[in-house]
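I need the structure of the sequence given here:
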Amino acid sequence: MTRMAFLLAVALPMWAGDAIAEDYSIGTIEIAAPWTRATPKGANIAAAYMTLRNKGTVPDRLVSGSVAVAGRFEVHRMVMEQGVAKMRPVEGGLEIKPGETVELKPGSFHVMLMGLKQPLQKGEKVKGTLEFEKAGKVDIEYAVEALGATAPTAGEHQH
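The predicted model follows:
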């Protein structure tokens with residue numbers, strides 16, 4: 001075995017185990033870097049994040065979605081009530097105005113994945129679907145980052 005072949009044989013499995021956040025689009029909506037966090041064994045909820053851009057001239061809304069590993073999908077927003085941070089569902093869907101970008105991130109808008117059927121493990125990809133009021137449905141994959149991650153891993157996002 002040549003030295004290069006040996007290095008590739010050792011390095012390739014390490015690269016293959018890392019989740020890579022990808023970008024998706026449907027109609028005038030672009031979905032950038034969908035991701036979620038690993039969950040501890042026994043957890044039945046997780047939050048998911050992404051960036052949504054509306055390249056069109058009319059507003060659209062993220063109205064629903066699903067993931068293979070959870071029973072329910074809800075769009076939530078973190079709000080402060082009397083100094084206490086609380087999660088609340090976004091009624092009627094999350095609006096993305098024309099030409100605007102909405103970032104779903106920790107401490108702000110996010111997707112709640114409820115009724116998890118299995119723990120989420122770092123490096124996995126979780127299949128899901130997003131449904132927009134006007135653009136329709138698009139299949140995506142969430143990259144699973146480390147437990148406690150605050151953003152997708154730097155250097156793993158591809159354009």
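
so where do the helices sit in the protein?
Along the chain, the segments classed as helices by DSSP state H run 3-16.

any weak-confidence spans in it?
Applying pLDDT under 70 to the chain picks out residues 1-21, 154-159.

for it, just list every one of the strands.
Remark: strands assigned in the chain by DSSP state E are 23-26, 29-37, 45-54, 60-67, 70-81, 84-89, 94-96, 101-104, 110-116, 125-132, 136-145.

by contact count, what packs against the third one?
Right, the one you point to is strand 45-54. Strand 45-54 makes packing contacts with strand 29-37, strand 60-67, strand 94-96, strand 101-104, strand 110-116, strand 136-145 when contacts are defined by 3 or more C-beta pairs under 8 Å, 6 or more residues apart in numbering; DSSP states H and E. Quick note: C-beta positions are derived from backbone N, CA and C, even for glycine.

so residue 138 touches residue 22, yeah?
No. Using C-beta atoms under 8 Å as the test, residue 138 is too far from residue 22 to be in contact (11.9 Å).

one step back: can you redo the strands of the chain as TSV, where the extra columns are distance to residue 151 and mean neighbour count?
As requested, those are exported to TSV (distance: least, C-beta to C-beta, whole Å; neighbours: other C-beta atoms under 10 Å):
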stretch	distance to residue 151	mean neighbour count
strand 23-26	15	16
strand 29-37	8	22
strand 45-54	8	21
strand 60-67	20	20
strand 70-81	16	15
strand 84-89	19	10
strand 94-96	19	19
strand 101-104	10	16
strand 110-116	13	19
strand 125-132	17	19
strand 136-145	8	19
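
export the ones you listed to a markdown table and tack on distance to residue 152?
Compiled in a markdown table, the strands of the chain are given as follows (distance: least, C-beta to C-beta, whole Å):
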| stretch | distance to residue 152 |
| --- | --- |
| strand 23-26 | 11 |
| strand 29-37 | 5 |
| strand 45-54 | 8 |
| strand 60-67 | 17 |
| strand 70-81 | 19 |
| strand 84-89 | 21 |
| strand 94-96 | 19 |
| strand 101-104 | 12 |
| strand 110-116 | 14 |
| strand 125-132 | 12 |
| strand 136-145 | 6 |
